[in-house]
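Trainee: Following is a predicted model, sequence given first.
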Amino acid sequence: MILNGARIIVESLKKEGVKYIFGYPGGAVIPLFDELFINGKELKLVSPRHEQGATHMADGYARSTGDVGVVMVTSGPGATNTVTGIATAYMDSVPLVVITGQVSTSMIGSDAFQEIDIIGITIPITKANFLVKDVNDLAYTIKHAFHLAKTGRPGPVLIDIPVDVQKAETEFIYPKQTDIKSYRPKKHGHPKQIKAAIELLKKAHRPILLVGGGCVISDAREEILKFIDKVKVPVLATLMGRGVVPSDHPLYFGGLGMHGTFYGNKAAQKADLIIALGVRFSDRITGNAKKFATDAKVIHIDIDPAEIGKNVPVDIPIVGDIKNVMQEFNKVLDFKIEYKEWLDKIRGEKIKYPLTYKKDNGLKPQYLIELASKYFPKDRIVISDVGQNQMWVAQFFDMYYPKSFLTSGGLGTMGYALPAGIGAKVGNPDKEVLIVSGDGGFQMNIQELMTIARYNFAVKILVLDNNYLGMVRQWQELFYGKRYSATEMHDNPDFAKLAEIIGIKSVKLDNPDDAEKVMKEFAESKESMLIHAYVEKEENVMPMVPPGATLADTMSV
């Protein structure tokens, strides 16, 4: 069958089982969008108001479903507007395929209108990227891109397609598979390493299990719960690992790191063994990495060998897919063990230093998060932006399932939550989707409120407005003598009124006495709704590990 390049792209996406495309048109992709209009009815197009919004939507879709998110934009500024979203996905190992238009092949390198070297720009933030100059290479390149994006350690892949390649014709043959000799992700752990890890576990007195984002990506929840049923070890989670072990599990002790629980941080620092599953050991987790858990042996399991030993010395490295490796662990675990004395000590610390906040005057953001956790169903998806709102959600919103908490972890992208929440709703139309944002981050992609109204997406939006860029202000308060340089946001608009003008039901909230009633109505609403909450202006996120300090230096409330 002879097809033009644009039609080949459309048919290739169908072959890959793509259901949704998040795209914004422009001159260099007119042929492609025309083919979508004529022959792409099975591919539902979601059009945002900005290409960054499109990329975050695809990201939220991918994180919440496990499928590859697809982005389609034009050349030049259309392509560069996706860069922040691509970097966000890259840092958090999110599978995306980003298709960008490009000027004609004959014009490349001439500084033509809306020409940009998007391949050069995105090399550091993609798993791979491709410039397709020959229509005969197009189908294989797309197959190749999807394979790379979703296998091994997932990540974004970019395909740059000149407009003349979209118009050129060739026979369409979609390959059944792609073979890359240099790309063979290791799926199973080495038996000797697993045996050695079990021997360490038998000798340990103060072990902890640390679950990270790799556990979510691998869908390893069942295997991990089975493991901790046999080996009753205290469990901590990174920001990306929330929900793998439910918040109400008796062995779960919350988050680790800069804003982890006081008792969790203390346990990690005193541990004699850390079993790390799918984690990066980032600075936000370890504090001062040179002084992180200095008495602990480390077993690190990850599909990406480059992460093992990168930030923290490792005693037993195991390369493999978390789900497979934990299945292998469970097969050879021929004993049950409970570290009762160790668990009792941590539980005592939890009673002594609970995760709490001062319940004095004013509308507390933590209280609103607790109420949202109470009234939204257990299987809801909550998406936080970045900053204080992110940490309060991580601390006070109970998580029961993987893929139920989405946030920009590695890059820390303000403006992520609103479009990512739209993507999550697209992928999970029957689930409640709650977007939590601060006033600063909310305004970075506020235009996507119009996307919600256009498609009538029933998402809920909670804006915590403290009139500051809160997390930066907190650092300025604690470490810079309260010099609030450029962090005041006292000219914020009326978000509720703005949402109503766009067509989204909204309510203002400033009285704590009204909070429970408003939150209940909010959670039970069948239509999109926004709460503009005027919270305490100088509330801080605690506990906190000061920059450059160790987990032992955690500051409590």
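Mentor: Right, received. Where do you want to start? Numbers count the residues shown, from 1 in each chain.
Trainee: Surely V332 is in contact with K195?
Mentor: Yes. V332 is within contact range of K195, at 7.1 Å (criterion: CB atoms under 8 Å). Any C-beta I mention is one placed from the backbone N, CA and C, and that applies to glycine too.
Trainee: send the alpha carbons of the host helix or strand of S437 over as CSV?
Mentor: Per DSSP states H and E: S437 is located in strand 433-438. Extracted C-alpha coordinates of strand 433-438, given in CSV (Å, rounded to 0.1, in the frame of the first residue of the first chain):
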residue,chain,number,x,y,z
VAL,A,433,-8.8,13.1,39.7
LEU,A,434,-7.6,15.8,42.2
ILE,A,435,-5.1,18.5,41.2
VAL,A,436,-3.4,20.2,44.0
SER,A,437,-1.3,23.3,43.2
GLY,A,438,0.2,26.4,44.9
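Trainee: What strands line up against that strand, and which way round?
Mentor: Strand pairing for strand 433-438, determined by DSSP bridges: strand 381-384 (parallel), strand 460-465 (parallel).
Trainee: Just say which of those is most tucked in.
Mentor: strand 381-384 (a mean of 30; mean count of other CB atoms under 10 Å).
Trainee: Identify the residues contacting that one?
Mentor: Strand 381-384 has contacts (CB atoms under 8 Å, 6 or more residues apart in numbering) with 60, 64, 372, 376, 390, 393-394, 397, 403-407, 416-417, 420-421, 424, 428, 431-437.
Trainee: Can I get the strands paired with strand 433-438 in JSON lines including mean pLDDT and distance to K345?
Mentor: Shown next, in JSON lines, are the strands paired with strand 433-438 (pLDDT from 0 to 100; distance: least, CB to CB, whole Å):
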{"stretch": "strand 381-384", "mean pLDDT": "98", "distance to K345": "31"}
{"stretch": "strand 460-465", "mean pLDDT": "98", "distance to K345": "35"}
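Trainee: Rebuild the ones you listed as JSON lines, extending it with distance to E500.
Mentor: Formatted as JSON lines, the strands paired with strand 433-438 follow (distance: least, CB to CB, whole Å):
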{"stretch": "strand 381-384", "distance to E500": "22"}
{"stretch": "strand 460-465", "distance to E500": "13"}
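Trainee: I531 is nearest to which of those?
Mentor: For I531, the closest of these is strand 460-465, at 5.1 Å, according to CB to CB.
Trainee: and the helix or strand just after the closest one, what does it pack onto?
Mentor: Once strand 460-465 ends, the next helix or strand along the chain (criterion: DSSP H and E) is helix 470-479. Helix 470-479 is packed against helix 388-396, with contacts defined by 3 or more CB pairs under 8 Å, 6 or more residues apart in numbering; DSSP states H and E.
Trainee: which residues sit against the helix it packs on?
Mentor: The contact list for helix 388-396 (CB under 8 Å, 6+ apart) reads 239, 242, 254-255, 259, 261, 355, 365-366, 369-370, 373, 382, 384, 405, 407, 436-438, 441, 464, 466, 470-471, 474, 539-541.
Trainee: Doesn't D160 lie inside a helix?
Mentor: No. D160: not assigned to a helix; according to DSSP: H, G, I helix; E, B strand; the rest coil it is strand.
Trainee: residues near it, how many?
Mentor: Here the number of neighbours of D160 (other CB atoms under 10 Å) works out to 24.
Trainee: tell me the contacts of it?
Mentor: Contacts of D160 (CB under 8 Å, 6+ apart): 79, 100-102, 118-119, 129-132.
Trainee: P365 now?
Mentor: Contacts of P365 by CB under 8 Å, 6+ apart are 388-389, 392, 464, 466, 533, 535-536, 539.
Trainee: how about 6 Å then?
Mentor: 392, 464, 535, 539 (CB atoms under 6 Å, 6 or more residues apart in numbering).
Trainee: Domain parsing of the protein, as residue ranges.
Mentor: Using automatic domain parsing, the domain parsing of the chain gives 2-171, 191-352, 365-534.
Trainee: Leaving out the residues flanking it, which one is nearest to G415?
Mentor: In space, and not counting its chain neighbours, G415 is closest to M444: 2.9 Å by CB to CB, 6 or more residues apart in numbering.
Trainee: er, D321 actually
Mentor: D321 sits nearest to K187 (CB to CB, 6+ apart), 4.6 Å away.
Trainee: what do you get for T100?
Mentor: Among residues not flanking T100 along the chain, A79 sits closest, at 4.2 Å (CB to CB, 6+ apart).
Trainee: For that neighbour, what is the enclosing helix or strand?
Mentor: Using DSSP H and E, A79 maps to helix 77-80.
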